[in-house]
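S.K.: Build the 3D model from these lines:
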Amino acid sequence: MPTAPILTITGSDSTGGAGIQADIRTITSLGAEAMSVVTSITLQNSLGIQEFYDIPAPVIERQIDAVCDDAHPQVVKIGMVRNAASLFAIVQCLRRHQPHWILFSPVVFSTHEEQLMDDNLIRLLQTELLPLCSLLVVRKRDAQHFKAERVIEADGTHGRCNELCSSIAVFLNQGDTLDDAVRKAALHVPPQPISDQLQGRTVSLYRDFLDMQERLCSHSHDVNFYAAQLGVSPRYLSQVTRRIADQTPKTIIESTLLSRIKQQLDLTPPLPLQTIAEQLDFSSQAHLSNLFKRLTGTTLTQYRKQNN
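M.R.: Down below sits the predicted model:
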């Protein structure tokens, strides 16, 4: 069944490094459909932002209503909001249309240190928008200005933070839980930009490995299996994942596997542990228990008691 498009509400970045342009690029590259509402037009280049033209609040509201009335997006990502009038227009629309997921990726200072929002707007964002948000994705240097129930602090420039938030939006739109969406996005958006030397086949191989182990980790936990399926040696696959994500293939597989185990443990009525072990291709219940204890520091039974 086709999913609704993802709505991004943010500014236009004429360099393409962030904003509407980057959101659409990230969302479509992961196979989803993007719709957009522009809050502000920037005049900028590699030297920084020269000028803003803020879209009038009534026009922002009409853009959102036009999209939501027709397409009913269930995942909304919000970026640049530059004034109180725009903020209130967005909040009114969100309350009216009630999307299932609302993600916010604010930026207080641009890459070139231009301050993009004043203290009064920050206070209004905290009281009016953040209570509606499922997740706040923010650079570490800007995180001090906001408090939210669920926060991810990202390293690097705002463009990287923006890409992470857009990727999370895609996985939520595909039906993943918030924890799974965050985990997948973190793998698809490594902490640092991928160097030019790693473009092409290397990046493609990395993406193919991520997709394959997400699909097949319940049937195989073996790095050799995935390397063979991808037509490379296990050593080469390990070099690729270490260079791009600073993780081994085994670590990535176990992270996915842990997520699947927790999903099974959270089912109601509860499944027997032996059944979970069999469904996830563990050789025994003890094997399942040992891996879970190693990765979480708690037992399967303790986890169930804590979450029930």
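
S.K.: going forward, measure contacts and count neighbours with C-alpha atoms only.
M.R.: Will do.

S.K.: Show residues contacting the lengthiest strand in the chain.
M.R.: Identified as the longest strand of the chain according to DSSP state E is strand 34-45. Residues from elsewhere that reach strand 34-45 (Cα atoms under 8 Å, 6 or more residues apart in numbering): 5-15, 20, 24, 27-28, 49-55, 60, 63-64, 67, 80-82, 86.

S.K.: now stretch 136-152
M.R.: With contacts defined as Cα under 8 Å, 6+ apart, stretch 136-152 is touched by 103-109, 122, 126, 130-131, 134-135, 153-158, 161-162, 164-165.

S.K.: which of the residues in it are buried?
M.R.: Residues 136-139, 143, 146, 148, 152 are the ones in stretch 136-152 that count as buried (16 or more other Cα atoms under 10 Å).

S.K.: and what of stretch 93-108?
M.R.: Buried-residue list, stretch 93-108, by 16+ other Cα under 10 Å: 93-94, 98-99, 101-108.

S.K.: now swap in stretch 27-39 and tell me
M.R.: For stretch 27-39, a neighbour-count test (16+ other Cα under 10 Å) marks 27-28, 32-39 as buried.

S.K.: Return the members of the contacts of stretch 136-152 classed as buried.
M.R.: With neighbours counted by 16+ other Cα under 10 Å, those contain buried members at 103-108, 122, 130, 134-135, 154, 157-158, 161-162, 164-165.

S.K.: which residues touch the spatially most central residue of the chain?
M.R.: The residue lying closest to the centre of the chain (Cα atoms, centre = their mean) is residue 168, at 1.9 Å. Counting by Cα under 8 Å, 6+ apart, residue 168 makes contact with 181-182, 184-185.

S.K.: In helices only, show me those.
M.R.: Those of the contacts of residue 168 mapping onto helices are 181-182, 184-185, per DSSP state H.

S.K.: Pop the domain breakdown of this structure in here.
M.R.: The chain breaks down into these domains under automatic domain parsing: 6-188, 200-307.

S.K.: ok so, going back, quick one: list the elements packing against the very next helix or strand once past the longest strand of the chain.
M.R.: Downstream of strand 34-45, the next assigned helix or strand under DSSP states H and E is strand 48-54. If you count contacts as 3 or more Cα pairs under 8 Å, 6 or more residues apart in numbering; DSSP states H and E, strand 48-54 packs onto strand 34-45.

S.K.: Partner strands of the strand it packs on, with direction?
M.R.: Counting by DSSP bridges, the strands paired with strand 34-45 are strand 6-12 (parallel), strand 48-54 (antiparallel).

S.K.: quick one: buried residues of the last one?
M.R.: So that's strand 48-54. In strand 48-54, counting by 16+ other Cα under 10 Å, buried: 49, 54.
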